[in-house]
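Colleague: I'd like to go over a predicted model; first the sequence, then the structure.
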4 protein chains.
Amino acid sequence: MTRIAVVGASGYAGGEIARLISSHPHFELGTLTADRNEGRPVRQVHPHLRTLGDQTFSGIDIDVLSAHDVVVLALPHGHSGALGETLAHARPELTLVDLGADRRLNDPEAWERYYGGTHYDPWVYGMPELVLADGQTQRSRLAGATRIVAPGCNATAVTLALAPLIRAGQIEPADIVSTLSVAPSGAGRALKEELLASERLSSAAAYAVAGSHRHIPEVIQNLSNARVSGVSEGMSVSLTPVLVPMSRGILAVNTARVAPGNTGKTLHDTLVQSYGSEAFIDVLPDGELPGTGSVLGSNTVALGIGLDPATQRVTVVSAIDNLYKGTAGAAVQSLNIALGLEETAGLESNGVAP
Amino acid sequence: MTRIAVVGASGYAGGEIARLISSHPHFELGTLTADRNEGRPVRQVHPHLRTLGDQTFSGIDIDVLSAHDVVVLALPHGHSGALGETLAHARPELTLVDLGADRRLNDPEAWERYYGGTHYDPWVYGMPELVLADGQTQRSRLAGATRIVAPGCNATAVTLALAPLIRAGQIEPADIVSTLSVAPSGAGRALKEELLASERLSSAAAYAVAGSHRHIPEVIQNLSNARVSGVSEGMSVSLTPVLVPMSRGILAVNTARVAPGNTGKTLHDTLVQSYGSEAFIDVLPDGELPGTGSVLGSNTVALGIGLDPATQRVTVVSAIDNLYKGTAGAAVQSLNIALGLEETAGLESNGVAP
Amino acid sequence: MTRIAVVGASGYAGGEIARLISSHPHFELGTLTADRNEGRPVRQVHPHLRTLGDQTFSGIDIDVLSAHDVVVLALPHGHSGALGETLAHARPELTLVDLGADRRLNDPEAWERYYGGTHYDPWVYGMPELVLADGQTQRSRLAGATRIVAPGCNATAVTLALAPLIRAGQIEPADIVSTLSVAPSGAGRALKEELLASERLSSAAAYAVAGSHRHIPEVIQNLSNARVSGVSEGMSVSLTPVLVPMSRGILAVNTARVAPGNTGKTLHDTLVQSYGSEAFIDVLPDGELPGTGSVLGSNTVALGIGLDPATQRVTVVSAIDNLYKGTAGAAVQSLNIALGLEETAGLESNGVAP
Amino acid sequence: MTRIAVVGASGYAGGEIARLISSHPHFELGTLTADRNEGRPVRQVHPHLRTLGDQTFSGIDIDVLSAHDVVVLALPHGHSGALGETLAHARPELTLVDLGADRRLNDPEAWERYYGGTHYDPWVYGMPELVLADGQTQRSRLAGATRIVAPGCNATAVTLALAPLIRAGQIEPADIVSTLSVAPSGAGRALKEELLASERLSSAAAYAVAGSHRHIPEVIQNLSNARVSGVSEGMSVSLTPVLVPMSRGILAVNTARVAPGNTGKTLHDTLVQSYGSEAFIDVLPDGELPGTGSVLGSNTVALGIGLDPATQRVTVVSAIDNLYKGTAGAAVQSLNIALGLEETAGLESNGVAP
């Protein structure tokens, strides 16, 4: 059994990975830390984690953490980078997984513009199904990795919808437009007025318009890696999230202009061929579209596609569970690969619906 | 008092206009018809309409209907066109308002492609705030009108967000992309599996991708009327609705490429100038974005805007109540204008929130 | 025009009464205070209140407040009592309305047990429709009143459902059991983890079981006032609220044992006779039951009733909008009576549905 | 592997048991029948069941069904009884599980009063944790059973909350009052107006008041079996369900008068002792209360309890997932016991939250 600690386990991402670890056939849950909740029973914060029994949250102790096989960092960006360094120095052979953004961006300038603060060395990007320019997938980079960063949830929904079409040269990299309906759980457990139930029940509201969303440079980095040229030149992504009243889920409506000569069928075929053997990508039959309800509680990405002949824009709709495939599931899947386990171990592909 | 009958009053649009009429200072609610519910108390179907007392639904009787001052047709498309003809012949001086699509499109080909069946003569389009190429607004056409058609709810959210920018030549008419989060009440009261509560609670799902949505030609018609050239050439709109779990509301995220030389400020200024004196359009301060919760139960369109310098796309976010401003409120507002009443009579501009 | 200030106007109750005042034919909105939001535009906090334009929140200034005709206190309990004293001394002829609990309970012991802290003199209880032992209603006490306290929202839903049956001696005062499905907006705008959207979307959860809910002594006080004996002896109320995912509303399921000799019809008749002339109480036809969706955005209390022959318990179901009839609407209605205006002025009886 | 067919697999209960079977370590999913959907891909109806691949729905063929090891009947009451007889005759050694009500009630009179139509012989009741008068639990009856009926979802929530207290004589069997907040998925996939999303979003509404709910006789039967006297005399249950806007879940607020001499602690102790070794019953620490969000997607029953000293009523709050523990999970758990497998095989005890 691989023994795994989770740092920052009282948030939603931390709770989700604790849940997945606790039911994983080869993983064993170790220490759970939570600064403000040190000493408190885990189940007061996560009452759904019945199997954790009487376990309590700890504070951060480097010796304790580094005695595990794996440490997962479930902290806000800006907080995990330095801790990752410390843990890596304390015990270099430790496997580290960061669920936050600190290790996602290669480009220090993009980091500075979208996040700011210290830019840490990127770790191996935990999106196994990402098609790469060289014809492999990102899982080839994950095999044996000991430093892994999980993708952003919105970046996952957009990237996996478009990367195969970018790689095939079937869509133009310029002027991609993605609008995402997102659950407020993606914003975490912070006590902010705009995250109160009364504000979110019965309302849909956009935020982070005008190019300010932090997942934009991540999407561009991913799609550039998928592009045969491997460059980000000429690529532009307009990305707008809309908070909607659901507990989990991201429904991304991604549109791009198609390259000449393509039809709905050629585009759909590319998705089917790229993802045909993927355990967690579900390319729906032509003409069908996904909803987030169908992937709730699963690691599945559901994809539907349609080409508008009038605008020559293709629309690829992707549905994920933001906490599962969007965060914790991607981490577990990547860890499975890194550790040489079966990639699907401990991960659901059927959703909990309705 | 103007006496108004509603045909098809058992649906959501019919119920909403009955509600607005019943509290209007100059309107009086007359006959309410409902084919399948003839003889049934209105309040069994619309328990929220307490002021209707013991009124029951009638069947359609041309003599009875044409004895009113105004008849509102709240029927699915394909059903109101012929009835409108009949009523107009029975009593030409009758004022008629169609809440459905039969009278919206000028172009018979567009009608055939998106709806099919008989194309009826268009009526005066009930969107008073639509800026026109000639510098006037659509309200100039509504004054004195006796044949009015209410706009589609999604078309309202998209058109009012973009028309001033189109007219000012500040955005390109090509490659407009709109994604809308919509309440299922916009789809009416039909007994369809995809409209069941269990299907819609906790899920976001796109439909009508790939250029099939029926409000697309309506948006193009509107924006062409706003365009100084007055033509639809080179205009393209990609429009995708996403059903989200809320009772009312449309949140439209509309993006378009900006013409050279514009800034966030010049674009925001155009909205402020175009709509500054509009009672029902609320251009938020630069940097703020609307949510549908704030306009629920009101005739207000809330607009927020942001320019993404990287993609040179402007995003205009519009929020409306689909049943109010999106349907029944637009009809009442247009009727107010047509009848020479105060335009705001009987209409709320404050939303019911939270 | 009666000029009204609202103290604590940035909360949900304060926002709702500002909304009702702003559309009232005889009221005019004056100063709005909000401690933490002093100087901030009201619409940043209440974007739905479009008619308030550029108004900003003030701090508390006794001179400014007492220059109004009416001051409404929309503060948490424990905060309004002392301010009420101060304002009453500053200008005795001022009309004061407290939306909080400080002036609701007559019994200092009950206050001490359920709230604690200073017990202030009770003001006139703002529930006009409450039937009293002497055959009058509470509106007889409200005529001419200058010190008014609005009822608790849950207390309203329970009291109005049961008071006529208590007064008629048709139900036993012992062993009343009420379970209420309540919207989280009733808990106000406090930044508490249990009020986050992610916690409340997709979950129903009870709180304050075991007799701890603060509206229990208020219900007992009300029902005792309705009881012909006028006493609270032998009366017991078990009251449990359940938070459910909706923006507004209380659905109270109230049960009590019936006195011998009653039938469903005799019980229904009592409600119809007691409330037949009430503008804001909607006793549904026998066999029909209310939902909160039908009263959202209105001052209406909808009531349905059924007698279980096996248990000899009657169930009276009441539906209200917690912020409207449950709080701000009751205050406006009471003010209308106190000031000699038409009782229904500025108040909706039709709900906004669906 | 045990091969299992599901009859009526296109509904919500049928979909849920297909989901559980498909991930069960010892079960294998066989034929899925669905009358109206014969020949249609399962995933068009249940898009969340990705692992079912291209399987299609069949019609009912007795030979095909009886070639399985187990047949699960997921049909409305009145439809499964006769089919059960037919299958039992076709192959007596077949294990049969009915998810509907046809085999739940022992008393033909109760059946006639609450359901009507043919009363079939009851099968073994699939509620393993039900404490019985003789000190055993219902699982003792399930061992080796080949005819099993799953409990009603509301009956589960009420019964498991109260049975230990009834058995211990700590609460009075007379005058039990239960009010349940229930998800509309419990009402199945029927195309009824009251189940439309627009009707249920933003509303809470009671139904089946006044003793008409069909789970009442089932609760009385269960609690009578738990009672040391074993009789139903003097037992009365007032049960009212309230539809609330969530996709899954039942939150039952159950109250009963306590017998003299009990305290909150003695009552809590009884629950802890009765259920201490139950894998799927989670008695929360004294003072904590459950929400349905914590048990969504799990077979767990979460229980919280409080004693109101003023009313001498104890409130036991129970939370379940209506489709999982309330229906399909109970069936799988019972089958596990019947077949001699580990009782928890294939069943989750951690919920999917938030």
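Modeller: Perfect, thanks for sending it.
Colleague: Look at the residue of the stretch 1-150 of chain A found nearest chain C and say how many residues are nearby.
Modeller: Nearest residue of the stretch 1-150 of chain A to chain C (C-beta to the nearest C-beta) works out as A:Tyr12 at 6.6 Å. C-beta: built from backbone N, CA, C; applies to glycine. When neighbours are defined as other C-beta atoms under 10 Å in any protein chain shown, A:Tyr12 has 24 of them.
Colleague: Over to the one 4 residues further on?
Modeller: By other C-beta under 10 Å, 31 other residues sit near A:Glu16.
Colleague: How about it: what's its closest non-neighbour residue?
Modeller: Excluding the flanking residues, the one nearest A:Glu16 by C-beta to C-beta, 6 or more residues apart in numbering or on different chains is A:Ala328, at 3.9 Å.
Colleague: The one you found and A:Gly249, how far apart?
Modeller: 14 Å (C-beta to C-beta, to the nearest Å).
Colleague: and the longest helix along chain A, how far from the chain's centre?
Modeller: Looking across chain A with DSSP state H, the single longest helix is helix A:153-167. Put simply, helix A:153-167 sits 11 Å off its chain's centre (C-alpha atoms, centre = their mean, to the nearest Å).
Colleague: Could you do stretch A:324-343 as well?
Modeller: Per C-alpha atoms, centre = their mean, the displacement of stretch A:324-343 from the mean C-alpha position of its chain is 11 Å.
Colleague: Quick check: residues of the stretch 51-200 of chain A near chain D?
Modeller: Proximity of the stretch 51-200 of chain A to chain D (C-beta under 8 Å from any C-beta of the partner chain) is limited to residues A:Thr51, A:Ser185.
Colleague: what residues does the stretch 51-200 of chain A put near chain C?
Modeller: A:183-185, A:189, A:191-193, A:195-200.
Colleague: Same check on the stretch 201-350 of chain A?
Modeller: Checking the stretch 201-350 of chain A against chain C by C-beta under 8 Å from any C-beta, the hits are A:Leu201, A:Ser202, A:Ser203, A:Pro245, A:Met246, A:Ser247.
Colleague: The first one and C:Ser198, how far apart?
Modeller: Same thing as A:Leu201. 12 Å.
Colleague: just the second one next, same as before
Modeller: A:Ser202 sits 16 Å away from C:Ser198, going by C-beta to C-beta.
Colleague: Compare these two (neighbour count), which wins?
Modeller: For A:Ser202 and C:Ser198, the more surrounded residue by other C-beta under 10 Å is A:Ser202, and the numbers stand at 29 against 26.
Colleague: Just list the residues touching the more buried one, thanks.
Modeller: If you count contacts by C-beta atoms under 8 Å, 6 or more residues apart in numbering or on different chains, A:Ser202 has them with A:245, B:246-249, B:292-293, B:296, B:354, C:246-247, D:201-202.
Colleague: among the residues of the stretch 51-200 of chain A next to chain C, who's most crowded?
Modeller: A:Ala183 (31 neighbours).
Colleague: partner strands of the helix or strand hosting A:Thr255, parallel or antiparallel?
Modeller: Per DSSP states H and E, A:Thr255 falls inside strand A:250-257. Partner strands and pairing direction for strand A:250-257 (DSSP bridges) are strand A:176-182 (antiparallel), strand A:313-320 (antiparallel).
Colleague: C-terminal to the shortest one, what's the next element?
Modeller: Going back to what we said before, that points to strand A:176-182. helix A:197-200.
Colleague: Need the contact partners of the next helix or strand after that next one.
Modeller: Next helix or strand after helix A:197-200 toward the C-terminus (DSSP H and E): strand A:205-206. Residues outside strand A:205-206 that contact it (C-beta under 8 Å, 6+ apart) are A:240-243, B:251, B:253, B:289-293, B:304, B:315, B:317, B:319.
Colleague: Farthest pair within those residues?
Modeller: Largest separation among the contacts of strand A:205-206 by C-beta to C-beta: B:Gly293 and B:Thr315, giving 19.5 Å.
Colleague: so who does the residue nearest to A:Leu75 when sequence neighbours are not counted touch?
Modeller: Nearest residue to A:Leu75 in three dimensions, chain neighbours excluded: A:Gly8, at 4.2 Å (C-beta to C-beta, 6+ apart). Shown in contact with A:Gly8 (C-beta under 8 Å, 6+ apart): A:Gly14, A:Thr33, A:Ala34, A:Asp35, A:Leu73, A:Ala74, A:Leu75, A:Pro76, A:His79, A:Ser80.
Colleague: Show the buried residues in those.
Modeller: Among those, those buried by neighbour count (16 or more other C-beta atoms under 10 Å in any protein chain shown) are A:Gly14, A:Thr33, A:Ala34, A:Leu73, A:Ala74, A:Leu75, A:His79, A:Ser80.
Colleague: so of these, which ones are in strands?
Modeller: Members of the buried ones among the contacts of A:Gly8 lying in strands (criterion: DSSP state E): A:Thr33, A:Leu73.
Colleague: Of the buried ones among the contacts of A:Gly8, which is the nearest to chain D?
Modeller: Nearest member of the buried ones among the contacts of A:Gly8 to chain D, counting by C-beta to the nearest C-beta, is A:Gly14, at 12.3 Å.
Colleague: contacting residues around A:Leu73?
Modeller: A:Val7, A:Gly8, A:Ser80, A:Leu83, A:Gly84, A:Leu96, A:Val97, A:Asp98, A:Leu99, A:Gly100.
Colleague: From those, which land in helices?
Modeller: Those of the contacts of A:Leu73 lying in helices (DSSP H): A:Ser80, A:Leu83, A:Gly84.
Colleague: ok, those vs D:Ala110, which is closest?
Modeller: A:Ser80 (60.5 Å).
Colleague: neighbour count winner among A:Ala328 and A:Gly249?
Modeller: Comparing A:Ala328 with A:Gly249 by other C-beta under 10 Å, the one with more neighbours is A:Gly249, at 33 against 30.
Colleague: So that one sits against A:Ala183, correct?
Modeller: Yes. Using C-beta atoms under 8 Å, A:Gly249 is in contact with A:Ala183, at 5.0 Å.
Colleague: Find residues that contact each of the two.
Modeller: Joint contacts of A:Gly249 and A:Ala183 (C-beta under 8 Å, 6+ apart) are A:Thr292, A:Asn322.
Colleague: Could you look up the SS state of A:Leu296?
Modeller: For A:Leu296, the assignment made with DSSP: H, G, I helix; E, B strand; the rest coil gives coil.
Colleague: Tell me which residues touch it, please.
Modeller: A:Arg248, A:Gly249, A:Asp321, A:Tyr324, A:Gly351, A:Val352, A:Ala353, B:Ser202, B:Ser203, D:His48, D:Val352.
Colleague: Next, count neighbours for the third one.
Modeller: Counted by other C-beta under 10 Å, the residues lying close to A:Asp321 total 32.
Colleague: Against chain B, how distant is the closest residue to A:Gly14 other than its chain neighbours?
Modeller: For A:Gly14, ignoring the flanking residues on the chain, the nearest one in space by C-beta to C-beta, 6+ apart is A:Ala74 at 3.6 Å. Note on A:Ala74: its distance to chain B, by C-beta to the nearest C-beta, to the nearest Å, is 24 Å.
Colleague: now A:Leu201
Modeller: 7 Å.
Colleague: That residue and B:Ile166, how far apart?
Modeller: From A:Leu201 to B:Ile166 the distance is 35 Å (C-beta to C-beta).
Colleague: who's more crowded, the two?
Modeller: A:Leu201 (27 against 24).
Colleague: pretty sure that one is touching C:Arg200, no?
Modeller: Yes. Contact status for A:Leu201 versus C:Arg200: in contact at 7.2 Å, counting by C-beta under 8 Å.
Colleague: mind listing the helices for the stretch 201-350 of chain A?
Modeller: A:216-226, A:264-275, A:329-338 (DSSP state H, counting those that start in this stretch).
Colleague: tilt between the shortest one and helix A:153-167?
Modeller: Our comparison of helix A:329-338 with helix A:153-167, counting by axes from the mean of the first three to the mean of the last three C-alpha atoms, to 10 degrees, yields an angle of 60 degrees.
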